[in-house]
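Trainee: Give me a 3D structure for the following:
(chains A and B)
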Number of protein chains: 2
Amino acid sequence: MTEEPPHQPSAPGSKEVWKKGGRMFSILLAVHLALLACTLVSSGAFERIAVHDYDVFFLLTVMMLIVIIWIIFYLVSTSRCPDAILCKDSHAGPIWLRGGLILFAIFSLVMDVFKIGYYSSFYSCLSAIKIMYPIVQAIFVVVQTYFLWISAKDCVHVHLNVTRCGLMLTLTTNLAVWMSAVTDESVHKAHSKLKKNTTEELGSTEACNCNSQICQIFKNGYFWLYPFNIEYSLFASAMVYVMWKNVGRFIDHHSHHVQRLKFKLFRRTFFVGIVLGLIILVSGLGVLIVYEVQVNSSTEPSKKSQALTMYYIFNIVCLGLMSLVCIGGSVIYRFDKRDMDRHKNPTRTLDVALLMGAALGQYAISYYSIVAIVASTPRDTISALNLTYALLMIAQHTFQNIFIIEGLHRQPPKEDHKHSSHQKELYGLTFVNVNAVSLRVPDSGSASAPSAAPGSEGSHPSDLLRSLTAPKKINWRRKFLREISMFLLLCNIILWIMPAFGARPHFDNDTELNFYGDSMWPAIVDICLPFGIFYRMHAVASLLEVCIMS
Amino acid sequence: MTEEPPHQPSAPGSKEVWKKGGRMFSILLAVHLALLACTLVSSGAFERIAVHDYDVFFLLTVMMLIVIIWIIFYLVSTSRCPDAILCKDSHAGPIWLRGGLILFAIFSLVMDVFKIGYYSSFYSCLSAIKIMYPIVQAIFVVVQTYFLWISAKDCVHVHLNVTRCGLMLTLTTNLAVWMSAVTDESVHKAHSKLKKNTTEELGSTEACNCNSQICQIFKNGYFWLYPFNIEYSLFASAMVYVMWKNVGRFIDHHSHHVQRLKFKLFRRTFFVGIVLGLIILVSGLGVLIVYEVQVNSSTEPSKKSQALTMYYIFNIVCLGLMSLVCIGGSVIYRFDKRDMDRHKNPTRTLDVALLMGAALGQYAISYYSIVAIVASTPRDTISALNLTYALLMIAQHTFQNIFIIEGLHRQPPKEDHKHSSHQKELYGLTFVNVNAVSLRVPDSGSASAPSAAPGSEGSHPSDLLRSLTAPKKINWRRKFLREISMFLLLCNIILWIMPAFGARPHFDNDTELNFYGDSMWPAIVDICLPFGIFYRMHAVASLLEVCIMS
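Mentor: Here you go, the predicted model:
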């Protein structure tokens, strides 16, 4: 819904009368498809509703086939037409995003193989669509990954409306696959909890069941690989959205100097951040394994509460450290001399919107937790830990968002800062931190400094500036920022792994479940947690960008 | 999340280093408050959850008191500081929006009086907060309406961050009041249905109950007035949001010629649209009354299905007519000679976003309905009517959105179109409809026209244009557009009245309730319908603008 500035449409060669109108049409298409998919997926999740999972699979298969055809059409038509892509958006599809996409694509393909293996174990009693679906999905993943790898930066200028609709269709398909995967996983989790509680009364009544060893391996394998497929869909959606924003866009190459960011990650660091982060990552993996084993296997309540205590304490320590580090990073940015980058950049706008939007999921869970804990009567250690955990979760998301957004809006360090460093520093510091300088003036000069002649007055701040911003200090600050981002990055990875691979303290702890009831609390968690998990993965990508830019 | 174009911050006198940062902080505040309010309101709606309605009232009262204090601070500080408001946004707070706000404010005040009367009937057995709440709300409505009446157009330039936070607090408070009112109404509806079904088993067991005649009048009165209070909160939210977007904004007065739109509504019309619209409005009111009486009083299923049939047929006729008229309007816009208005205009951007966003509510209900009807087995007349109704609902929302958005993006007709009309027409028509003109060229000329000399070629289209766009035809087109918007406006009013004052075919018809179950379908309708109702009211405001501008 961004209004274009008035000078935009008069760019050379613009064929579009009204960009907003063209966009609106493709948005309408996407909204209708997304709502239809959402209706079917959410209805299919309930057993007593007469919509089955094969209805959902049928819709998704059709959508994926259409997208595959469109992608082939797009690739052919743009390669034939020489002026189809007049310019490229250097910010779109950075190498780490495309690398992550390929990594997740590989895991998704493995998952599809497992799924095909699982379903073909009892082929005779299933509808054909259940085997068709993973096959089509594998083709879709391969075609889409290739498409995004080579076209993520394109600003298309032919078939504007067809391209917009095609991209929106791709986006909707990815979101529908994501919704279906998330729902499938939640249903699976709920089933396995239920089965454990009723001690396997059901299960062996049906004729064709998954009883062989290999079938069980396939089944467990594909559920363990779901998180990667979920992330793949979201990464692809984000990249497709940026492509859609770039359709018909003209980029002024004067203002958008192409940044060649080199991977100097492991030079010029103290390794403190990485080492600390790795310690937390490894200990987090240990905590997760112990927690899963103790909660799932033992029926003793004392063991369970012990596992919960351990889980909460680990998370509180981790979140507390992260919050402190984020605050430290934001303070360092206050003294940073680089100016703000204000150029139009759809990738960054999307990044910021996604960070703020996805954090809402975790915020909502935490607020509901807090209300439940405060209003419930038995106030034991677990409740206190849970409350601290929920509060720290809110604080950490907030501080981390502020840190990342500030980092993303800084200009990358100039290579030639030795030449014009003095001029630049003066400009930068007075721009950002004029108060700190003016407060320091009376300290270094006499009390009558403000009444001095204009000429002598001017020299004071610039002297101060020179002493404040010695080259050594700059490097020290940059290194510190890099350490901070590396530490946060590793912490976010472990905080992604924990919920993505099955830790659900929300259900193992009874407080909220008793307070909100068996239908409302699972609904809250199942809707909001996928956004919280996505937030972690997205924060990792953004922190990598902040780290490289600082 | 709008990225500012790079030239914006260098506007004369801009004190802000980074507008986005200042905005982010106030958004964070609003998000946290809104989530807390949402948690409490949604928990308070369920009886078995230990959060009571007075907890919600307490929070809302505190929020409203803070907002009242802030508004007084704002009014005092801006009146004292001469350069607080350097410019005004002429698009913000148009007179019909402010007029509507005052109308709804008056009804809200009446509702508050009724509420105070109702609660003071059994003062002894209630907590004080239940009477405090309507009193504080009445003060809040008066203060806020005065504030919005005089300040809706302000572009504030002092205390930027305080003003942003204050406005976001006001916005959040209005949204929280809206959520609370919507929830309260849904709970009341559910209770009254339940009471009717269990034939008043409960009710008289408590000591202090609403038994007196006056108390019953108060109670019914305030529930009938709820829709106005709900609309008041939403209108105020929209105006406050535009004010928030305008904080720190500089408006280029050269490009923003202040439009003096006169109320020429009842001149230059054929009255066809108004007469047709009034016929539908009155018959709709009749249908609503008959429907409410038959569904609520009779226990016979045949009477109920008769009422439902009548309701659906009226809606199908109304929606069908509206869809056709919207398509007609969009076709007329294709031949319109006015250029697109591309100036930055936060009010319009918000209007468009709200229209598209609020339509999602009705879309979702319709899609869920369609899936339920298609998958359910007893396919009788009611089901067929319901399916047609749901499909037409989707079509009508889509076409109406397209019509309104196209209308909002047209330049208002110039007063001096007689002077430079020929030049303007040529430019306008070639701009919008170059294909239609080029297609007509071979018809009027010979087959060898394209190979003719450049001089003679140029005269052909301009002749054609003159014949196509005679002044008579322009007026005819404009009149037609005005008729269409008036008709749509009146239809939207009746489609607002029906759900706002209690028609719920979603629950009177059993198909969806049986398909989705007693918890999921009410949740879908109770969450989505408020957006659908808001859509109608907002469409009325937008159509009034389209009507005046055409």
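
Trainee: switch to C-alpha atoms for all contacts and neighbour counts from now on
Mentor: Noted.

Trainee: Verify the stated contact: residue A:65 with residue A:138.
Mentor: No. Residue A:65 is beyond contact range of residue A:138, at 11.3 Å (criterion: Cα atoms under 8 Å).

Trainee: Got the domain ranges for chain A?
Mentor: Residue ranges for the domains of chain A, per automatic domain parsing: A:19-194+A:211-246, A:272-416+A:469-549.

Trainee: interface residues of the stretch 351-500 of chain A facing chain B?
Mentor: Contact residues (Cα under 8 Å from any Cα of the partner chain) of the stretch 351-500 of chain A with chain B: A:352, A:353, A:363, A:364, A:367, A:368, A:371, A:375, A:376, A:398, A:431, A:432.

Trainee: Find me the pLDDT at residue A:138, would you?
Mentor: Here, the pLDDT recorded for residue A:138 equals 95.

Trainee: quick one: it is in a helix?
Mentor: Yes. Residue A:138: assigned to a helix according to DSSP: H, G, I helix; E, B strand; the rest coil.

Trainee: check contacts around the nearest residue to residue A:130 once chain neighbours are set aside.
Mentor: The shortest distance from residue A:130 to any non-neighbouring residue, by Cα to Cα, 6 or more residues apart in numbering or on different chains, is to residue A:54 (6.6 Å). By Cα atoms under 8 Å, 6 or more residues apart in numbering or on different chains, the contact list for residue A:54 reads A:127, A:129, A:130.

Trainee: avg pLDDT for the strand or helix carrying residue A:54?
Mentor: Assessed by DSSP states H and E, residue A:54 sits inside helix A:53-80. Helix A:53-80 shows a mean pLDDT of 91.

Trainee: circling back to that earlier point, residue A:65 and residue A:138 - which one has more neighbours?
Mentor: residue A:138 (19 against 15; other Cα atoms under 10 Å in any protein chain shown).

Trainee: Any of the contacts of residue A:54 buried? List them.
Mentor: Neighbour counting over the contacts of residue A:54 (16 or more other Cα atoms under 10 Å in any protein chain shown) leaves A:129, A:130 as the buried ones.

Trainee: do the helix or strand hosting residue A:327 and chain B meet?
Mentor: Mapping residue A:327 onto the secondary structure by DSSP H and E places it in helix A:301-334. No. Using Cα under 8 Å from any Cα, we find that helix A:301-334 stays clear of chain B, coming within 12.1 Å at best.

Trainee: Just the pLDDT for residue A:382.
Mentor: Residue A:382 carries a pLDDT value of 88.

Trainee: For the host helix or strand of residue A:29, which helices and strands make contact with it?
Mentor: Using DSSP H and E, residue A:29 maps to helix A:19-44. If contacts are counted by 3 or more Cα pairs under 8 Å, 6 or more residues apart in numbering or on different chains; DSSP states H and E, helix A:19-44 sits against helix A:53-80, helix A:160-197, helix B:346-375.

Trainee: quick one, it and helix B:346-375 angle?
Mentor: 40 degrees (axes from the mean of the first three to the mean of the last three Cα atoms, to 10 degrees).

Trainee: Could you check how far whichever strand or helix holds residue A:101 is from the centre of its chain?
Mentor: Secondary structure assignment for residue A:101, by DSSP H and E: helix A:95-120. Between the centre of helix A:95-120 and the centre of its chain there are 18 Å (Cα atoms, centre = their mean, to the nearest Å).

Trainee: With stretch A:362-380 instead?
Mentor: In terms of Cα atoms, centre = their mean, the centre of stretch A:362-380 is found 26 Å from the chain centre.

Trainee: Quick check: buried residues in it?
Mentor: So, applying 16+ other Cα under 10 Å, buried residues of stretch A:362-380: A:362-373, A:376.

Trainee: Just the C-alphas of that stretch, formatted as PDB.
Mentor: Provided in PDB are the C-alpha atoms of stretch A:362-380 (Å, rounded to 0.1, in the frame of the first residue of the first chain):
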ATOM      1  CA  GLN A 362       5.700 -14.600  20.600                       C
ATOM      2  CA  TYR A 363       4.400 -11.500  22.200                       C
ATOM      3  CA  ALA A 364       0.900 -12.900  22.100                       C
ATOM      4  CA  ILE A 365       1.900 -16.200  23.700                       C
ATOM      5  CA  SER A 366       3.900 -14.400  26.400                       C
ATOM      6  CA  TYR A 367       1.000 -12.000  27.300                       C
ATOM      7  CA  TYR A 368      -1.400 -14.800  27.500                       C
ATOM      8  CA  SER A 369       1.100 -16.700  29.700                       C
ATOM      9  CA  ILE A 370       1.600 -13.700  32.000                       C
ATOM     10  CA  VAL A 371      -2.200 -13.200  32.500                       C
ATOM     11  CA  ALA A 372      -2.700 -16.900  33.300                       C
ATOM     12  CA  ILE A 373       0.200 -17.000  35.700                       C
ATOM     13  CA  VAL A 374      -0.700 -13.800  37.500                       C
ATOM     14  CA  ALA A 375      -4.300 -14.900  37.900                       C
ATOM     15  CA  SER A 376      -3.700 -18.500  38.900                       C
ATOM     16  CA  THR A 377      -3.400 -19.400  42.500                       C
ATOM     17  CA  PRO A 378      -0.700 -22.000  43.000                       C
ATOM     18  CA  ARG A 379       2.400 -19.900  42.900                       C
ATOM     19  CA  ASP A 380       5.300 -22.300  43.000                       C
END
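
Trainee: Fine by me, we can end here.
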